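Novice: below is the sequence, then the predicted model.
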Amino acid sequence: MIRLPLSLFSRLYLGVAVVMLCSIVVTRLVGEMVFKKEEFTHFSITADYLKDLAVQDVSKHSEQYDYQLPPPFSFYYSAKFISPQQWKKLCQSCLFVGRSDSVEYYEFVEGERIAYFSTVTSMRGLLIYEKTDEERVEGEESELHIDELDSPFFLILCLVLIFVSLYWPLKKMHRQIYGLNKAQKRFGRGDMSARADEDILRPLNDIAISFNNMAEAIDKSVKEKEVFAHAIPHEIRTPLSRIQLAAGLLRQQSSDDKVAALLDDVDAYIVDINELISQIVNFSKLTNSKSAEYYQNYETIFLSDFIKSRMALVTVPSDKSIALNICSEARITTNPVYLRLVVDNLIKNALIYANRQVNIIVYVESGEVYMLVEDDGVGIDSTSYETVFIPFARLDSSRSRKTGGIGLGLSITKAAVLNMRGTIDVGHSALGGASFTVTMPLDG
């Protein structure tokens, strides 16, 4: 089935135009049929009346061939007394229309009507017919016929008037729906203040009211989340500092190895909690449009130099290696904070799950920069490709830092990629493990 590449309102306008055109054509055809029937009825009544006038004057005009009708009938009609033989010769090319009693009705080729009364006198019949345009006397008043409206200009005028009368309401509805769509897009891009105009036609106003109620509820929920995300780090770090201080005092007052081991565990837990708090703060800022304003310092970055500078800060285990294959022409315009979060988290994630090898590949294709980070680990099941980006989601039951992690690294990575106007996909690596591909627009 062929589908036209037209929008809803384009189809609607086209459909209205087609319906109007068909309506005009059908109306005209039906109108012509009705008008023709009414004209014939009017002609038959008028002809019968004119016959009665002629019969009253038959004693004076019985010998006349032409009978002069009184005005105003003389402008439109002519009357003749003729014999049956004359009638047969006169109207050989006439089109027979019908018969009523002793009256026969015909039409000339030009369309004028004829009424022949065969029993007006004993010797002659009466012929009454419509005059042609050439036979009418100039200067006398004429009536308006439907034929005078049979012109392309009249049809175009009717079409334009009807189309305009329907176009403006449709255009108004178009603008209102566009306004609703615009408000939803703004809200979807993170503008929590976006609201739809409720002063519009029903039932569109119901949609606008429902959208505004939903937006208010989401905005309230986001604000509560922001307050929570900002309050938690402060509220947690305060007691953590006290715990860390108490652990230090205990370490100074005790020489027991078991107590020292427990205090080392406490310090490790404090480090984990601080890292979790830092990641929560980063994730909150990346997903909050207002907080993201702190990151709006864009610059052109060559990925080759940037990734190598980040690699210099990474401690690679002795049993693992990282291979770099980076296109020197790959450059993007973004905030280095976003790019640092993406690169650091992907490298860290790959090193955690890799057995021996991690590859970082950057190349340019079709005006876009592709950054591929892959490992030779156990990989990720295809059913979990979306799950890995959900905050605190875990694909295994391990709680150790080696394989479990904290659960926000990939969520932060995806949020940073989206703020860079890019995309991130997860798949199966050629090395046998997982691969993460980040696509970003090339700075050109």
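Specialist: Done, it's in. Numbers count the residues shown, from 1 in each chain.
Novice: tell me the mean pLDDT over whatever helix or strand Leu418 lives in?
Specialist: Taking DSSP states H and E as the definition, Leu418 sits inside helix 409-419. For helix 409-419, mean pLDDT rounds to 86.
Novice: identify each buried residue in that helix, please.
Specialist: By neighbour count, with 16 or more other CB atoms under 10 Å as the criterion, the buried positions of helix 409-419 are 409-417, 419. For the C-beta atoms, the positions are set from N, CA and C on the backbone; glycine is no exception.
Novice: what's stretch 308-319 in contact with?
Specialist: Counting contacts by CB atoms under 8 Å, 6 or more residues apart in numbering, the residues outside stretch 308-319 that touch it are 322, 324, 326, 340, 343-344, 347-348, 351, 356.
Novice: give me that answer again for 7 Å
Specialist: Judged by CB atoms under 7 Å, 6 or more residues apart in numbering, the contacts made with stretch 308-319 from elsewhere in the structure are 322, 340, 343-344, 347, 351, 356.
Novice: hang on, Leu313 in a helix?
Specialist: No. With DSSP: H, G, I helix; E, B strand; the rest coil as the criterion, Leu313 is located in coil rather than a helix.
Novice: how far away is it from Ile307?
Specialist: From Leu313 across to Ile307, the span is 11 Å (CB to CB, to the nearest Å).
Novice: between the two, which one's more packed in?
Specialist: Set side by side, Leu313 and Ile307 give different neighbour counts by other CB atoms under 10 Å, the larger being at Ile307 (21 against 8).
Novice: buried residues, the strand or helix carrying the more buried one. List them.
Specialist: Element membership for Ile307, per DSSP H and E: helix 303-311. Judged by neighbour count using 16+ other CB under 10 Å, the buried positions of helix 303-311 are 303-304, 306-307, 310.
Novice: number of residues surrounding Asp265?
Specialist: 10.
Novice: let me redo that: Asp319
Specialist: Burial measure for Asp319: 8 neighbouring residues, criterion other CB under 10 Å.
Novice: backbone torsions only: list them for it.
Specialist: Note on Asp319: its backbone torsions stand at phi -90, psi 10 [degrees, to the nearest 10].
Novice: over to Glu198?
Specialist: Dihedral angles of Glu198 (phi, psi; degrees, to the nearest 10) stand at phi -90, psi -10.
Novice: count of residues packed around it?
Specialist: As a burial measure, the neighbour count of Glu198 was computed by other CB under 10 Å and equals 13.
Novice: if I pick it, what's in contact with it?
Specialist: With contacts defined as CB under 7 Å, 6+ apart, the neighbours of Glu198 are 205, 208-209, 212.
Novice: can you pull out the helices in the stretch 151-300 of the chain?
Specialist: Along the stretch 151-300 of the chain, the stretches classed as helices by DSSP state H, counting those that start in this stretch are 152-188, 204-253, 257-287.
Novice: okay, those, which one's buried deepest?
Specialist: Across the helices of the stretch 151-300 of the chain, averaging neighbours per residue (mean count of other CB atoms under 10 Å) puts helix 257-287 on top, at a mean of 15.
Novice: which helices and strands sit right next to that one?
Specialist: The criterion is 3 or more CB pairs under 7 Å, 6 or more residues apart in numbering; DSSP states H and E, and the helices and strands that helix 257-287 contacts are helix 204-253, helix 409-419.
Novice: now do 8 Å
Specialist: helix 204-253, helix 336-353, helix 409-419 (3 or more CB pairs under 8 Å, 6 or more residues apart in numbering; DSSP states H and E).
Novice: pick out the shakiest of the ones you listed, pLDDT-wise.
Specialist: With a mean of 80, helix 204-253 has the lowest mean pLDDT of the helices and strands packed on helix 257-287.
Novice: quick one: distance of it to the chain centre.
Specialist: Computed by CA atoms, centre = their mean, to the nearest Å, the chain-centroid distance of helix 204-253 equals 38 Å.
Novice: so Ala430 makes contact with Leu372?
Specialist: No. With contacts defined as CB atoms under 8 Å, Ala430 does not count as touching Leu372, sitting 9.7 Å away.
Novice: so which of those two has more stuff around it?
Specialist: Comparing Ala430 with Leu372 by neighbour count (other CB under 10 Å), the higher total belongs to Leu372, at 20 against 10.
Novice: for stretch 201-211, give me every contacting residue.
Specialist: Taking contacts as CB under 8 Å, 6+ apart, the residues outside stretch 201-211 that touch it are 172-173, 176-177, 180, 183-184, 196-200.
Novice: can you name the two of these that sit furthest apart?
Specialist: The largest distance within the contacts of stretch 201-211, taken as CB to CB, falls between Lys172 and Gln184 and amounts to 19.2 Å.
Novice: gap between His42 and Leu204?
Specialist: For His42, the distance to Leu204 equals 51 Å [CB to CB].
Novice: could I get the buried residues of helix 409-419 as a markdown table with distance to Leu249?
Specialist: What follows is the buried residues of helix 409-419, written out as a markdown table (distance: CB to CB, whole Å):
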| residue | distance to Leu249 |
| --- | --- |
| Gly409 | 34 |
| Leu410 | 39 |
| Ser411 | 37 |
| Ile412 | 35 |
| Thr413 | 39 |
| Lys414 | 42 |
| Ala415 | 40 |
| Ala416 | 40 |
| Val417 | 45 |
| Asn419 | 43 |
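Novice: from these, which single one is nearest Glu365?
Specialist: Proximity of the buried residues of helix 409-419 to Glu365 was ranked by CB to CB; the top entry is Val417 with 17.6 Å.
Novice: which helix or which strand is home to the residue nearest to the closest one when sequence neighbours are not counted?
Specialist: Nearest residue to Val417, sequence neighbours excluded (CB to CB, 6 or more residues apart in numbering): Ile424, at 4.6 Å. Element membership of Ile424, judged by DSSP H and E, is strand 423-428.
Novice: OK, contacts around the residue lying closest to Ile380 once chain neighbours are set aside?
Specialist: Once flanking residues are discounted, Ile380 sits nearest to Ala434: 4.6 Å by CB to CB, 6+ apart. For Ala434, the residues meeting the contact criterion (CB under 8 Å, 6+ apart) are 350, 353, 374-375, 377, 379-380, 426-428.
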